[in-house]
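Student: Attaching a predicted model along with its sequence, questions to come.
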Amino acid sequence: MSEKEKEQSMNEPAVVPTESELSDDRNTKLTLRTLKRIFPATLKHKQRRYLAAYAITGGIVRATKKTGIDYRSHYTWMKQPEYAEAFEYAKQIAGDMSEDEVIRRGAEGIDAPIIYKGEITGQ
């Protein structure tokens, strides 16, 4: 792959998910497969999968558990500028998803029982 192609692939996502794939609708969940396509095709499959898991879970340990890829691999890959840039993008996605959930919970609330001294006292 030429330098120009590598540079172009970092500037644009490999495949942009459709609006329905990124929908906040409960029936359409963001999946590793969907999100993995956002990251540059020049990255290895494992790297893209790990970044997608990080974007969904928002944490290194949770991404490790979700993918089965050792967290030390992530820190090794961070030495590669292309991966480090893609990781920054994954952090933005994770932050946006967290922010969206906070707003949703603020607007809709959460349905959880009120517990006092081990007893359910209300809804």
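Tutor: Yes, it's here.

Student: And the residue nearest the centre of this structure?
Tutor: Nearest to the centroid of the C-alpha atoms of the chain, with distances taken as Cα atoms, centre = their mean, sits A55, at 1.3 Å.

Student: hang on, that one packs against S98?
Tutor: No - A55 lies out of contact with S98 (Cβ atoms under 8 Å); the separation is 10.7 Å. Yep, even glycine has a C-beta here, placed from its N, CA and C like the rest.

Student: Show me the helices in this protein, by range?
Tutor: 3-11, 32-36, 45-57, 60-67, 71-77, 81-108 (DSSP state H).

Student: Dump the ones you listed to a markdown table, plus mean pLDDT and distance to I115.
Tutor: Shown next, in a markdown table, are the helices of the chain (pLDDT from 0 to 100; distance: least, Cβ to Cβ, whole Å):
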| stretch | mean pLDDT | distance to I115 |
| --- | --- | --- |
| helix 3-11 | 49 | 49 |
| helix 32-36 | 73 | 34 |
| helix 45-57 | 91 | 27 |
| helix 60-67 | 93 | 26 |
| helix 71-77 | 96 | 35 |
| helix 81-108 | 91 | 18 |
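
Student: Tell me which of the ones you listed is the most buried.
Tutor: helix 45-57 (a mean of 22; mean count of other Cβ atoms under 10 Å).

Student: Tell me the gap between stretch 94-101 and the middle of its chain.
Tutor: Stretch 94-101 sits 10 Å away from the centroid of its parent chain (Cα atoms, centre = their mean, to the nearest Å).

Student: what's the neighbour count on the closest residue to P113 other than its chain neighbours?
Tutor: Take P113 and drop its neighbours on the chain: the residue closest to it by Cβ to Cβ, 6 or more residues apart in numbering is I120, 4.6 Å away. When neighbours are counted by other Cβ atoms under 10 Å, I120 registers 9.

Student: Would you confirm that I120 contacts I114?
Tutor: Yes - in this structure, I120 is within contact of I114 by Cβ under 8 Å, at 7.1 Å.

Student: how far away is the closest residue to I69 other than its chain neighbours from T121?
Tutor: Closest residue to I69 apart from its sequence neighbours, by Cβ to Cβ, 6+ apart: Y50 at 5.0 Å. Distance, Y50 to T121, using Cβ to Cβ, to the nearest Å: 43 Å.
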